[in-house]
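> Kindly return the folded structure for what I paste below:
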Amino acid sequence: MNKDIRYTIRFLLTMLVYAVLLVAVAYLVREYPKMPMRFALILVPLIPGIYATWLVSQQVTSGDELQQRIQLESFGLAFAGTALVALTVGLLDYVGVEQLNGAWYVSIMLFLWGLGQLIANRKYT
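Have a look, this model is predicted:
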């Protein structure tokens, strides 16, 4: 397995851990609003976020021109997909659909970016 595929798998797994933690801590904080550690607990999903930031910086700075192209295409998919989700949620707000918490937009963007990397890697290799 090449370096790029290993990175992408690690990144997507990190985002999966982030999403699971986000759901878990959001549930706990909502169900137990007087819990003394709720402020610290709600920040736990930042741990995989910090690791993902480190992974991204390592991948982008170590890449050649092809890798930079893959990153650009991945960022494009993530940007457009997240914008589409945000627009859809914003429009649905006019008819009373509950808004999506801002933390989910980051999750969606990062997931789409990882998916874009898988697609672009497959396209160019």
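> Quickly find the element holding the spatially most central residue of the chain.
Nearest residue to the geometric centre of the chain (CA atoms, centre = their mean): residue 110, 2.5 Å. Secondary structure from DSSP states H and E places residue 110 in helix 102-124.
> quick revisit: for the closest residue in space to the residue nearest to the centre of the chain that isn't next to it in sequence, grab phi and psi.
Nearest non-adjacent residue to residue 110, counting by CB to CB, 6 or more residues apart in numbering: residue 15, 5.1 Å away. Quick note: C-beta positions are derived from backbone N, CA and C, even for glycine. Dihedral pair for residue 15: phi -70, psi -30, per degrees, to the nearest 10.
> Look at residue 66 and report its pLDDT.
Note on residue 66: pLDDT of 90.
> what does the one 4 residues further on give?
pLDDT for residue 70: 90.
> and it, what element?
Applying DSSP H and E, one finds residue 70 within helix 65-93.
> Same question for residue 99.
With DSSP H and E as criterion, residue 99 is part of no helix or strand.
> which residues touch it?
Counting by CB atoms under 8 Å, 6 or more residues apart in numbering, residue 99 touches 89, 93.
> Please name the residues that touch the nearest residue to residue 115 once chain neighbours are set aside.
In this structure, residue 115 finds its nearest non-sequential neighbour in residue 77, 7.0 Å apart by CB to CB, 6+ apart. By CB under 8 Å, 6+ apart, residue 77 lies in contact with 112, 113, 115, 116, 119.
> picking up where we left off before, run the chain-centre distance for the helix holding residue 70.
Distance of helix 65-93 from its chain centroid, counting by CA atoms, centre = their mean, to the nearest Å, is 11 Å.
> what angle sits between that helix and helix 102-124?
Put simply, helix 65-93 runs at 140 degrees to helix 102-124, going by axes from the mean of the first three to the mean of the last three CA atoms, to 10 degrees.
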